[in-house]
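> I need the structure of the sequence given here:
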Amino acid sequence: MRAEIKKGKMHGSISAPPSKSFAHRALICAALSDGKSEIAGISDSDDIAATERCIKALGADISRKDNSTLIITGRGKNINPNGIYNCHESGSTLRFMMPVSILKKGTATLYGTKRLISRGVGVYNELLGKKNIDISLFEDKIEISGLLTSGSYKMPGNISSQFATGMLLALPLTGFTSTLEITPPVESRKYIDITIDIMRRFSAYVEEKSKNLFTVHPIDSYTPTNVQIEGDWSNAAFFLALKSLGNDVEVTSLNKNSLQSDRVCEELFSRLDEKDATIDVSGCPDLAPILFSVAAAKNGALFTGTKRLAIKESDRAACMAEELLKFGIKCEMNDNSLKVLAGDIHRPDTELCGHNDHRIVMALSVLSTLTGGTITEAEAINKSFPDFFERLCTLGAKIDIYE
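As a prediction, the model looks like this:
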């Protein structure tokens, strides 16, 4: 899909889409509950659809109350052994489901795109291999065999918080108290806090006795509950970026006191008004593409903590540097930093590429409202925000879509 975006000013009010981070976790906790839960504020994104498929494969029943509310009837820890799970391109789904899928002894098969599988699950190889659990990687799937048991676990915190979340979600159902130690530096710590918060709502208790050392208390099953998913700061950031670029745009349905780390986006956009700004994105990697775009339109900036961007849906630092050059903006890349050089942006003289990455497509779209531009592989937005272009048009954007 190609999206041709015309240059123009945006104005109006728009509501933030629901948070994927909260939704993934709530759906899995509901599936591991013994009874019926109601989860309101569910989006129709590809990633959430992947988690819905996987909790059905666990054995949960799903019905729809309305367009955005799901009724989940869980079976507690009585999951299907030897389950088959289609995670498609959702890294969160894959990494959350791997420990959950072996709460019953057997061999679980988790399918995904080649890119998703290549992004790796090395932390689990090291962590679970010590507990007699075998993990085999193939081109389009992962097989995990064994039984997740209670015990003491230790993992690095500098790769992805998704591994810690997967363990935290599963360990309460292993029968006995467990500990999970995450060694520093712990990046994206706020996502772990979100996990613990959602678990608490379903009556699971995780205690942090010392920094990044978690005691996970046993439960027979999660307790069914009703959850309203809050607005998503990660996706709202693209509209807040429009505001920071001089458009009269307001974004509603956001929790100003949210645990989401990406609520820092407003502060970071303001910092990009300064010359020689330095911003660490290690704690908010999903904001990196839109921060790069805003920096390109303003004064440039140095971004540190970019190493982990290479294992996202694309190599986000390298891909954004490639696309910003089409706008006339040069970047300097190092192993763990990206410097966006100050310059005058212009309409790209060639088509932009979305690199099959939803956040790159949306970041390039925001920048294209200043210059005009055409983006290929624009269908990547379906991963997290399928109605992004429609919402952008409600603010006055002129966009032509070509299939």
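> What backbone torsions are found at the closest residue to Arg391 other than its chain neighbours?
If the residues on either side of it in the chain are set aside, Arg391 comes closest to Ile14, at 5.8 Å by Cβ to Cβ, 6 or more residues apart in numbering. Every C-beta, even on glycine, is put in place using the N, C-alpha and C of the backbone. Main-chain dihedrals, Ile14, degrees, to the nearest 10: phi -140, psi 140.
> Test my guess that Ile14 contacts Glu250.
Yes - counting by Cβ atoms under 8 Å, Glu250 is a contact partner of Ile14 at 7.5 Å.
> Neighbour count for those two, which is higher?
Neighbour count, other Cβ atoms under 10 Å: between Ile14 and Glu250, Ile14 has more, with 18 against 13.
> Show me the beta-bridge partners of that one.
For Ile14, the beta-bridge partners are Val251 (DSSP bridges).
> switch to numbering from 739
In the new count, where the first residue is 739, that last one comes out as Ile752.
> Relative to Gly1110, how far out is it?
Distance of Ile752 to Gly1110, given as Cβ to Cβ, to the nearest Å: 22 Å.
> chain center to stretch 943-958: distance?
Centroid displacement of stretch 943-958 relative to its chain, using Cα atoms, centre = their mean, to the nearest Å, is 24 Å.
> How about stretch 1085-1094?
Stretch 1085-1094 has its C-alpha centroid displaced from the chain centroid by 24 Å (Cα atoms, centre = their mean).
> what's the first-to-last distance across it?
One end of stretch 1085-1094 sits 22 Å from the other (Cα to Cα, to the nearest Å).
> same question, stretch 896-914
28 Å.
> So which bits of that stretch are buried?
896-912 (16 or more other Cβ atoms under 10 Å).
> With stretch 1056-1073 instead?
Applying 16+ other Cβ under 10 Å to stretch 1056-1073 flags 1056-1059, 1061-1062, 1064-1065, 1067, 1069 as buried.
> measure the residue nearest to Arg1129 to Glu968 for me?
Distance of Ile752 to Glu968, computed by Cβ to Cβ: 16 Å.
> same deal with Leu951?
Distance, Leu951 to Glu968, by Cβ to Cβ: 28 Å.
> Compare these two (neighbour count), which wins?
Taking neighbours as other Cβ under 10 Å, Leu951 and Glu968 compare with Glu968 leading, 20 against 14.
> Find the nearest non-adjacent residue to the more buried one, please.
Nearest to Glu968 is Asn993, by Cβ to Cβ, 6+ apart, at 4.8 Å.
> got the contact list for that neighbour?
Shown in contact with Asn993 (Cβ atoms under 8 Å, 6 or more residues apart in numbering): 968-969, 1001.
> sorry, back to before: which of the buried residues of stretch 1056-1073 are the two that sit furthest away from each other?
Farthest-apart pair in the buried residues of stretch 1056-1073 is Ala1056 and Phe1065; separation 15.9 Å (Cβ to Cβ).
> coming back round to it: taking the buried residues of stretch 896-914 one by one, which sit in strands?
Of the buried residues of stretch 896-914, none are assigned to strands by DSSP state E.
> any chance you could map the helices in the chain?
758-769, 784-796, 829-838, 852-856, 860-867, 899-908, 927-939, 971-982, 1003-1009, 1026-1035, 1054-1064, 1096-1109, 1126-1132 (DSSP state H).
> Save the ones you listed as CSV, and put in distance to Asn964 and mean pLDDT too.
As requested, the helices of the chain are arranged in CSV below (distance: least, Cβ to Cβ, whole Å; pLDDT from 0 to 100):
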stretch, distance to Asn964, mean pLDDT
helix 758-769, 10, 97
helix 784-796, 17, 97
helix 829-838, 21, 97
helix 852-856, 31, 90
helix 860-867, 32, 93
helix 899-908, 19, 97
helix 927-939, 9, 96
helix 971-982, 23, 97
helix 1003-1009, 29, 97
helix 1026-1035, 33, 98
helix 1054-1064, 36, 97
helix 1096-1109, 29, 98
helix 1126-1132, 27, 97
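> among those, which is nearest Phe876?
Among the helices of the chain, helix 852-856 sits nearest to Phe876 (Cβ to Cβ), with 7.4 Å.
> which parts of that closest one are buried?
Neighbour-count burial for helix 852-856, counted by 16+ other Cβ under 10 Å, picks out 854-855.
> How far does that helix sit from its chain's centre?
When distances are taken as Cα atoms, centre = their mean, helix 852-856 is centred 16 Å away from the chain's centroid.
> buried set for stretch 748-760?
Residues of stretch 748-760 classed as buried by neighbour count (16+ other Cβ under 10 Å): 748, 752, 754-760.
> what's the answer for stretch 933-947, then?
933-934, 936-937, 939-940, 942, 944.
> closest to Ser916 among those residues?
Checking the buried residues of stretch 933-947 against Ser916 by Cβ to Cβ gives Val944 as the nearest, at 9.9 Å.
> give the contact list for that closest one.
Applying Cβ under 8 Å, 6+ apart to Val944 gives the contacts 906, 910, 934, 937-938, 952-955.
> Max pairwise distance over those: which two?
Most distant of these, by Cβ to Cβ, are Arg938 and Thr953, 13.8 Å apart.
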